[in-house]
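**Q** make a model of this:
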Amino acid sequence: MRIASLTDFLLMRIERGAGGTPLNRQIYQAIREAILSQLLPAGWQLPSSRDLARELGISRNTATYAYEQLIAEGYLETRTGAGTFIADTTPDRIPELGSNQPPLTDPSGESELSAQGAQLIQQAGVSDLQWGAFMPGVPDVTLFPHKIWSRLQNKHWRRSRPELLTYGDAGGYLPLRAAVADYLRMARSVNCNAAQVIITTGIHQSLDIVVKLLGEHGDSAWVEDPCYWGTRSVLNSLGIKPVAIPVDAEGMRMRQADLLQPPRFICASPSHQYPLGMVMSLSRRRMLLEYAASRKVWIIEDDYDSEFRYGSRPLASLQGMDRHERVLYMGTFSKTMFPGLRIGFLVVPEALAGAFATGVSELYRGSQVFMQAIMADFMSEGHFASHIRRMRLLYAERLQLLQAAIAHHFDERITLTGGEAGLHLTLGLPAQCDDLAISRAARAAGIVARPLSRYYMSADSAHNGLLLGYACVPNEQIGPAFDRLANIIKAHWRC
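**A** From the prediction side, this is the model:
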């Protein structure tokens, strides 16, 4: 079917005085859709903008705008002395597929994700709820010192420095790299200088750049079992095979069979294992470092929320013990500041500092320089250390409230781990309790309780339990929220 009269067609399509899309835009869209649906054939002549305006009862400028936009986008063409015509936009003929070639799309309508992409989505651990009881790993952002941050931000806006609004230097904003290096040397016993600190958007990007620059497709990586789901997701997406290494009270427990097959990477959280919370023993740390040096293995240390340690000082990093430069140290401000900041850091051996700075800039471009400048001031003026001290006291109080609420409902049949540090507790459950079912029921009741079993690589080795974050739950809500969760757990306990 072809359009006989453009005027009649447009009169049916445009709406006057509707207060929505302007008339010139409506005319442009109507003609464009008619061309794409082949209601207006190539070579068809349009009335002049003057005639179209008169017939539609609109201003000539309105009609002219629509024509000019369509000409600019290639839908119309003008011919000197002749008028305006529909341009020939017929696509080039696509060659037929040979009989032995697969179709370009799946005619069955099945997902067109790659096998790797499908696995990533199927095993995704990300939650649609990122706040409230009992979301693990999320700080209380309502108590962030917004006024101080705003003052620092306004200071940089007033200076109007162009270098803060463009792509950043390789490796990140140098004053922030220096501030991070100073902090890590003092608080985490990390051996580094500013050049070794690479600013990233967080743990995921830090791990991504390490694997891309130091690994090859098909390499393997030891990961703690259970471990942070994001670690496995990044490794799998880059073609690195995760190898599960079980953890016990002393951290990663390397078996003889594992030691005989050195990986390319060892991913570990020695100061506060996620999600169970144990600390890697000194003997295991020394063994890991010696093994990595002798086998040329890279250790990727994730220093997960180790700033929040209750009852003792934060533990020294594994990187601080390394004498062979085989450890790459990752950290983030998501837990100490706020997740939306999206600033993390990676400390690399000095010999790799230049390559990593260039690699990050080449792959991701320098970003968030303005925010990095504010963060540098926040640290150098002492606000960062003060904020951590305040939040450590608050989180310790909330930890005690959650422990008391758990003790009120359950006896020694339920085990608790991870109470010495971090932003969550891990509540162990007996084998007959389906933690995934409990998690789903809790979510329906508006409570987040992540199932521990999903953090294991294999269902055969998985233990049941729940991860309960307390940092972002106001004191007065912890008890009532756990009362509701306890009733859900008890209902599944009887099954």
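**Q** helices of the stretch 251-400 of the chain, residue ranges please.
**A** 256-259, 282-295, 353-364, 369-380, 383-409 (DSSP state H, counting those that start in this stretch).
**Q** let me fix that: the stretch 101-250 of the chain
**A** 115-122, 146-159, 174-187, 203-214, 229-237.
**Q** which parts of the first one are buried?
**A** It refers to helix 115-122. Buried positions in helix 115-122, judged by neighbour count with 16 or more other C-beta atoms under 10 Å: L120. Just so you know, the C-beta spots here come from the backbone N, C-alpha and C atoms, and that holds for glycine as well.
**Q** same question for the third one.
**A** Buried residues in helix 174-187, counting neighbours by 16+ other C-beta under 10 Å, are found at L174, P175, L176, R177, A178, A179, V180, A181, D182, Y183, L184, A187.
**Q** send me it as PDB with only the CA atoms.
**A** Extracted C-alpha coordinates of helix 174-187, given in PDB (Å, rounded to 0.1, in the frame of the first residue of the first chain):
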ATOM      1  CA  LEU A 174      48.600  11.700  41.100                       C
ATOM      2  CA  PRO A 175      47.700  13.400  44.400                       C
ATOM      3  CA  LEU A 176      45.100  10.600  45.100                       C
ATOM      4  CA  ARG A 177      47.700   7.900  44.200                       C
ATOM      5  CA  ALA A 178      50.100   9.500  46.700                       C
ATOM      6  CA  ALA A 179      47.400   9.800  49.400                       C
ATOM      7  CA  VAL A 180      46.400   6.100  48.900                       C
ATOM      8  CA  ALA A 181      50.100   5.000  49.100                       C
ATOM      9  CA  ASP A 182      50.600   7.000  52.300                       C
ATOM     10  CA  TYR A 183      47.400   5.500  53.800                       C
ATOM     11  CA  LEU A 184      48.300   1.900  52.800                       C
ATOM     12  CA  ARG A 185      51.800   2.100  54.100                       C
ATOM     13  CA  MET A 186      50.600   3.300  57.500                       C
ATOM     14  CA  ALA A 187      47.300   1.400  58.000                       C
END
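**Q** one step back: which one of the helices of the stretch 251-400 of the chain lies closest to P339?
**A** helix 369-380 (13.2 Å; C-beta to C-beta).
**Q** V360 is in contact with Y167, isn't it?
**A** No - with contact defined as C-beta atoms under 8 Å, V360 does not count as touching Y167 (11.6 Å).
**Q** shared neighbours of these two, anything?
**A** G366 (C-beta atoms under 8 Å, 6 or more residues apart in numbering).
**Q** neighbour count: these two, which is higher?
**A** Using other C-beta atoms under 10 Å, the more surrounded residue of V360 and Y167 is V360, with 27 against 11.
**Q** now that one: how far from G171?
**A** 7 Å (C-beta to C-beta, to the nearest Å).
**Q** can you list residues touching both of those two?
**A** With C-beta under 8 Å, 6+ apart as the test, V360 and G171 both reach I198, I199.
**Q** what is the burial count for S317?
**A** 25.
**Q** can you pull the contacts of the residue lying closest to it once chain neighbours are set aside?
**A** Leaving out its chain neighbours, the residue that sits closest to S317 by C-beta to C-beta, 6 or more residues apart in numbering is R188, at 4.7 Å. R188 makes contacts with D303, S306, P314, A316, S317, G320, G331, as judged by C-beta under 8 Å, 6+ apart.
**Q** what's the closest of the residues you listed to L429?
**A** S306 (26.5 Å).
**Q** residues contacting that closest one?
**A** Contacts of S306 by C-beta under 8 Å, 6+ apart are R188, S271, H272, P314, L315, A421.
**Q** from Q319, how far out is the first one?
**A** What it means is R188. From R188 to Q319 the distance is 8 Å (C-beta to C-beta).
**Q** where does the stretch 351-495 of the chain dip in pLDDT?
**A** 494-495 (pLDDT under 70).
**Q** P139 and C472 touch, don't they?
**A** Yes - contact criterion C-beta under 8 Å: P139 and C472 qualify, at 6.4 Å.
**Q** which residue of the protein sits farthest from its center?
**A** No residue in the chain sits farther from the centre than G81, which is 58.2 Å out by C-alpha atoms, centre = their mean.
**Q** roughly how far apart are that residue and V247?
**A** G81 is 82 Å from V247, where distance means C-beta to C-beta.
**Q** residue ranges with poor pLDDT in the stretch 1-150 of the chain?
**A** Counting by pLDDT under 70, the stretch 1-150 of the chain contains low-confidence ranges at 1, 18-19, 97-111, 123-131.
**Q** that one: strands as residue ranges?
**A** Taking DSSP state E, counting those that start in this stretch, the strands of the stretch 1-150 of the chain run over residues 45-46, 76-79, 83-86.
**Q** out of the ones you listed, which is closest to Q205?
**A** strand 76-79 (45.5 Å).
**Q** who touches the closest one?
**A** Counting by C-beta under 8 Å, 6+ apart, I31, L46, Y67, L70, I71, T84, F85, I86, A87 sit against strand 76-79.
**Q** next one: stretch 178-185
**A** 190-194, 196-197, 199, 317, 329, 331, 345, 347, 375-376, 379-380, 384-385.
**Q** now those residues: which count as buried?
**A** By 16+ other C-beta under 10 Å, the contacts of stretch 178-185 give 190-192, 194, 196-197, 199, 317, 329, 331, 345, 347, 375-376, 379, 384 as buried.
**Q** now intersect these with the strands, please.
**A** The strands, defined by DSSP state E, take in V197, I199, Y329, G331, F345, V347 from the buried ones among the contacts of stretch 178-185.
**Q** how many residues are close by T358?
**A** T358, neighbours per other C-beta under 10 Å, totals 13.
**Q** also the one 4 residues further on?
**A** Using other C-beta under 10 Å, E362 is surrounded by 10 other residues.
**Q** now it: how far from P95?
**A** Counting by C-beta to C-beta, the gap from E362 to P95 is 36 Å.
**Q** again with V223
**A** V223 is 46 Å from P95, by C-beta to C-beta.
**Q** if you count what's nearby, which of the two comes out ahead?
**A** Set side by side, V223 and P95 show more neighbours around V223, with 24 against 6, by other C-beta under 10 Å.
**Q** the more buried one against I245, yeah?
**A** Yes - with contact defined as C-beta under 8 Å, V223 counts as touching I245 (6.8 Å).
**Q** tell me the domain boundaries of this protein?
**A** Using automatic domain parsing, the domain ranges for the chain come out as 6-86, 146-382, 386-493.
**Q** gap between the second one and the chain center?
**A** Centroid displacement of domain 146-382 relative to its chain, using C-alpha atoms, centre = their mean, to the nearest Å, is 15 Å.
**Q** measure that domain end to end?
**A** Using C-alpha to C-alpha, to the nearest Å, one end of domain 146-382 lies 15 Å from the other.
**Q** cool, stretch 201-221 as well?
**A** 22 Å.
**Q** what's the average pLDDT for that stretch?
**A** The pLDDT scores in stretch 201-221 average 96.
**Q** any residues touching it, and which ones?
**A** Residues contacting stretch 201-221 (C-beta under 8 Å, 6+ apart): 198, 200, 230-231, 234-235, 238-243, 261, 263-267, 298, 300, 302, 328, 330-332, 334, 342-346, 352, 355-356, 359-360, 363-364, 367-368.
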